[in-house]
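K.L.:
Here is my input; please provide its structure:
(one chain, ligands or ions: 2)
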Amino acid sequence: MRGLFIVLEGCDRSGKSTQCHQLVKQLQAKGYSAQYRNFPNRTTQTGKMIDSYLRQATELDDHAVHLLFSANRWEAMNSIKDTLESGITLVVDRYAFSGVAFSSAKGLDLNWCKQPDVGLLSPDVVVFLDLSIDEAEKRGGYGEERYERRELQTKVRNQFMKLKDDTWKVVNAAQSAEQVEKGIWSIVEAALSTSTNQRKSLLYSLWK
Ligand code: Z5A
Ligand code: MG
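P.N.:
Ligands and ions are numbered 1, 2, ... in the order given. Purely as a prediction, here's the structure:
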């Protein structure tokens, strides 16, 4: 049986990376093959350009960097598909939803922002870690990267709410890390229990 494609989304400091790593550990402890992936993947050629932009070392047009973030996902698709088909579950830290939420928060048209990611592999599960901006700021303030400002983060959260659909699973990220982990596990456990027949085929169908 193929692996599950799980995406964790959420605003800054909502605990995505912490929870993704915990989830991989938990899956492995229960005997599942699981791996962590993240977007942007800063190690590839597109990722290096994105990294330089985020660190404010270079300037790029908003449209151009949006397309780079999308390309950074597209270049990973074959590997993600092969990995899932080999039976490994992937826990992915941010996906196209972050891409659209951030670029549209900067003022680009939301529908325009979706287009380059239309047709990416559709995740089986999207978990949204929900944290208010006030709670996020209590986690030590923002860092030094380009988007780490309260005003923009507030807009990003609003854009995420526009993208959210009935299939998203929302977890209250203001709880302790252990409680958040339990909430995510109950969602993932339900998804893992789907039989071979019930597990929908992997499709390049995001936003189609
Ligand atoms: N971006 C984009 O514009 N377009 C795209 O297509 C994509 C991304 C994919 C870099 O992303 C930027 O790229 C990001 C969006 C944009 N811009 N911003 N801002 P990134 O994923 O590399 O960003 P990051 O810095 O790794 O992640 P993050 O969002 O800031 O944090 P997080 O992964 O959600 O949280 P964390 O690192 O797990 O935890 C943050 C802190 O909170 C840390 O000190 C933890 O110990 C603490 N923490 C975690 N959980 C808890 C709980 N439950 N209670 C208390 N404290 C906690
Ligand atoms: Mg992170």
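
K.L.:
Grab the nearest non-local neighbour of the spatially most central residue of the chain.
P.N.:
By CA atoms, centre = their mean, the chain has its centre lying nearest to Arg94, at 1.7 Å. In this structure, Arg94 finds its nearest non-sequential neighbour in Phe39, 4.8 Å apart by CB to CB, 6 or more residues apart in numbering. C-beta coordinates here come from the backbone N, C-alpha and C atoms, glycine included.

K.L.:
quick one, what contacts that neighbour?
P.N.:
Going by CB atoms under 8 Å, 6 or more residues apart in numbering, Phe39 touches 69, 72-73, 76, 92-95, 98-99.

K.L.:
Recalculate using a threshold of 10 Å.
P.N.:
7, 47, 50, 69-70, 72-73, 76, 92-96, 98-99 (CB atoms under 10 Å, 6 or more residues apart in numbering).

K.L.:
And Ser79, by the same measure?
P.N.:
With contact taken as CB under 10 Å, 6+ apart, Ser79 is in contact with 37, 90.

K.L.:
Make sure it is indeed in a strand.
P.N.:
No: secondary structure assignment (DSSP: H, G, I helix; E, B strand; the rest coil) places Ser79 in helix, not in a strand.

K.L.:
ok so, going back, surely the residue nearest to the centre of the chain and Ile50 touch.
P.N.:
No: Arg94 is beyond contact range of Ile50, at 11.8 Å (criterion: CB atoms under 10 Å).

K.L.:
Need the overlap of contacts for these two.
P.N.:
Joint contacts of Arg94 and Ile50 (CB under 10 Å, 6+ apart) are 39-40, 69.

K.L.:
can you count the residues close to the nearest residue to Gly47 once chain neighbours are set aside?
P.N.:
Excluding the flanking residues, the one nearest Gly47 by CB to CB, 6+ apart is Asn41, at 4.8 Å. Neighbour count for Asn41, taken as other CB atoms under 10 Å: 17.

K.L.:
Against Arg2, how distant is Ser14?
P.N.:
28 Å (CB to CB, to the nearest Å).

K.L.:
The two: who's more crowded?
P.N.:
The neighbour count for Ser14 versus Arg2, taken as other CB under 10 Å, is higher for Ser14 (24 against 17).

K.L.:
Tell me the secondary structure at the more buried one.
P.N.:
coil.

K.L.:
measure it to Glu135 for me?
P.N.:
From Ser14 to Glu135 the distance is 9 Å (CB to CB).
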